[in-house]
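Colleague: this one's structure only:
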């Protein structure tokens with residue numbers, strides 16, 4: 001059988017036709033940009049849908065015999081539709097800080113620990129509840145006109161099938177969802193005057209929603225019999241597509257943001273420690289298991305920021321055949337960063353330390369510091385942040401037996417070796433680094449009965465391409481980084 005995995009992200013969407021053994025036979029993608037004004041950062045639903053449609057049109061001629069499609073997407077941004085299914089506003093993405101002002105008001109209505117116990121989400125401005133409360137205050141007309149509230153995931157499903165459904169992992173990112181009962185929280189929605197009946201019904205990941213709409217099939221060239229299967233939050237599909245199908249396994253998603261996803265059985269989760277450390281948890285694709293995501297929002301975006309801001313320098317270096325500017329930056333990277341450190345907080349929107357107001361900086365610049373030295377410091381700074389997050393995870397008693405890295409950053413041997421050195425662990429890289437697409441194909445395969453479960457699907461889909469083993473020597477730099485990081489946060493707390 002053949003399946004289509006459709007991954008809808010913050011900066012673009014991509015899709016691929018995947019055979020039953022995990023082989024990708026065709027793929028397509030489109031990029032899109034945020035809409036930014038007055039400090040607001042948004043994603044236009046029409047822009048995203050048009051990109052999805054173009055991708056499916058490009059893929060259609062190669063996917064006529066595909067039997068099922070599943071999609072994944074970002075989870076927090078809400079799409080508000082009127083009674084004609086037209087978006088009334090853009091989705092407010094996780095990098096937007098406007099609704100931080102709502103957090104005290106939310107905490108006044110519900111104890112933060114109780115909110116965590118219900119939702120598994122630590123109170124943070126990026127989740128949909130905070131955005132909803134902000135819009136109630138500043139754009140009440142939009143809320144009044146709203147007929148439907150969707151995440152980007154169930155919006156795409158609705159556009160493809162005309163049927164509404166949302167999975168538990170995506171719904172959990174709204175901070176309006178009871179993550180243990182796997183249903184919308186009546187308590188939270190009543191408390192904040194949120195119309196539960198206007199949200200999509202919750203169904204299990206892997207549920208068959210229905211056939212693709214006839215006009216979509218005709219225009220894209222896809223089969224009218226193509227079944228749309230309910231996908232999940234993009235971090236869950238990427239985790240599954242890395243071969244992480246059970247507890248004790250850990251995936252590092254090396255994308256625009258980094259998500260270190262640890263899969264745990266519900267009864268093994270130390271919720272007290274997670275709450276104190278402000279770490280959230282969300283339902284996984286398998287029963288009674290949850291993903292505990294750690295990481296930082298400014299990961300691949302920090303690398304992109306640095307390379308693009310030094311584009312003039314990198315363009316003076318003759319490229320090797322087929323070499324991207326990022327591969328060129330890797331090739332020219334200094335072997336050592338000396339006493340230079342990079343604190344990678346390029347926005348105050350954080351998921352690990354919501355109270356921190358610290359911003360990024362280079363510490364330890366000398367006359368000998370150049371672009372290549374600074375670039376290595378950027379890569380090390382990001383890896384040091386990963387290690388700090390792993391140290392938090394270890395405090396819960398969790399000891400992963402398997403580390404797998406996927407995503408764009410996993411394609412860089414330099415970055416992966418630096419991460420292995422700093423994390424002090426072996427890192428496996430799957431042959432297909434687009435693990436989100438792989439995970440969606442696995443969901444389709446189980447839904448259509450080709451595999452009896454996800455462990456069975458992983459045996460067919462997952463092949464390790466290469467591994468990185470750690471070298472010693474960075475322990476002292478890690479200690480120094482942790483001390484500098486602490487002082488920077490203290491300094492910003494007083495500003």
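Modeller: All right, it came through fine. These numbers come from a predicted model, not from an experiment. Numbers count the residues shown, from 1 in each chain.
Colleague: Geometric centre of the chain: which residue is closest?
Modeller: The residue lying closest to the centre of the chain (C-alpha atoms, centre = their mean) is residue 235, at 4.6 Å.
Colleague: Check the gap between that one and residue 335 for me.
Modeller: The gap separating residue 235 from residue 335 is 34 Å, by C-beta to C-beta, to the nearest Å. Every C-beta, even on glycine, is put in place using the N, C-alpha and C of the backbone.
Colleague: How about the secondary structure of the residue lying closest to the residue nearest to the centre of the chain once chain neighbours are set aside?
Modeller: Ranked by C-beta to C-beta, 6 or more residues apart in numbering and with sequence neighbours excluded, the top spatial neighbour of residue 235 is residue 259, at 4.9 Å. The three-state assignment at residue 259 reads strand, by DSSP: H, G, I helix; E, B strand; the rest coil.
Colleague: what about the residue lying closest to residue 20 once chain neighbours are set aside, how many neighbours?
Modeller: Of all residues not flanking residue 20 in the chain, residue 1 sits nearest, at 5.2 Å (C-beta to C-beta, 6+ apart). Per other C-beta atoms under 10 Å, the neighbour tally for residue 1 reads 15.
Colleague: Next: residue 216.
Modeller: Residue 216, neighbours per other C-beta under 10 Å, totals 21.
Colleague: so what's it scoring on pLDDT?
Modeller: Note on residue 216: pLDDT of 97.
Colleague: Could you check how far it is from residue 168?
Modeller: For residue 216, the distance to residue 168 (C-beta to C-beta) stands at 26 Å.
Colleague: Ok, residue 150 next?
Modeller: Residue 150 is 15 Å from residue 168, by C-beta to C-beta.
Colleague: Residue 249 too?
Modeller: Distance of residue 249 to residue 168, given as C-beta to C-beta: 20 Å.
Colleague: Which one of those two is surrounded by more residues?
Modeller: residue 168 (25 against 19).
Colleague: hang on, isn't that one packed against residue 281?
Modeller: No: the criterion here is C-beta atoms under 8 Å, and residue 168 misses it with residue 281 at 11.8 Å.
Colleague: Spit out the residues that contact the two alike.
Modeller: The overlap between the contact sets of residue 168 and residue 281 (C-beta atoms under 8 Å, 6 or more residues apart in numbering) consists of residue 179.
Colleague: Helices of the stretch 151-300 of the chain, residue ranges please.
Modeller: Assigned by DSSP state H, counting those that start in this stretch, the helices in the stretch 151-300 of the chain fall at 152-161, 168-172, 186-191, 214-220, 234-240, 271-276, 300-309.
Colleague: got the buried residues for the third one?
Modeller: Residues 188-189 are the ones in helix 186-191 that count as buried (16 or more other C-beta atoms under 10 Å).
Colleague: contacting residues around that helix?
Modeller: With C-beta under 8 Å, 6+ apart as the test, helix 186-191 has contacts from 109-110, 115, 118-119, 129, 175-176, 194-196.
Colleague: Of these, grab the buried ones for ChimeraX.
Modeller: Selecting only the buried entries of these in ChimeraX, with 16+ other C-beta under 10 Å as the criterion:
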select :110,115,118,119,129,175,176,194
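Colleague: Greatest separation within the contacts of helix 186-191: which pair is it?
Modeller: 115 and 195 (19.5 Å; C-beta to C-beta).
Colleague: Enumerate the beta-bridge partners assigned to the closest residue to residue 425 other than its chain neighbours.
Modeller: Closest residue to residue 425 apart from its sequence neighbours, by C-beta to C-beta, 6+ apart: residue 403 at 5.2 Å. Counting by DSSP bridges, residue 403 forms beta bridges with residue 250.
Colleague: What does the pLDDT read for residue 403?
Modeller: 90.
Colleague: Could you do residue 354 as well?
Modeller: We have a pLDDT of 64 for residue 354.
Colleague: With residue 172 instead?
Modeller: pLDDT, read off for residue 172, is 97.
Colleague: Same question for residue 258.
Modeller: The model reports residue 258 with a pLDDT of 88.
Colleague: Contact partners for it?
Modeller: Going by C-beta under 8 Å, 6+ apart, residue 258 touches 252, 295-296, 299-300, 382, 385-386, 409.
Colleague: Same check on residue 273?
Modeller: Contacts of residue 273 were listed using C-beta under 8 Å, 6+ apart, and they are 395-396.
Colleague: Would you mind measuring from it to residue 281?
Modeller: Counting by C-beta to C-beta, the gap from residue 273 to residue 281 is 11 Å.
Colleague: check contacts around residue 380.
Modeller: 337, 341-342, 418, 422, 474, 477, 481.
Colleague: what helix or strand is it on?
Modeller: helix 371-394 (DSSP states H and E).
Colleague: how about low-confidence regions in the stretch 301-450 of the chain?
Modeller: The stretch 301-450 of the chain contains residues with pLDDT under 70 at 349-352, 354, 433.
Colleague: one more time with 90, if that's ok
Modeller: Residue ranges of the stretch 301-450 of the chain with pLDDT under 90: 301, 319, 322, 346-358, 389, 392-402, 406-408, 431-435.
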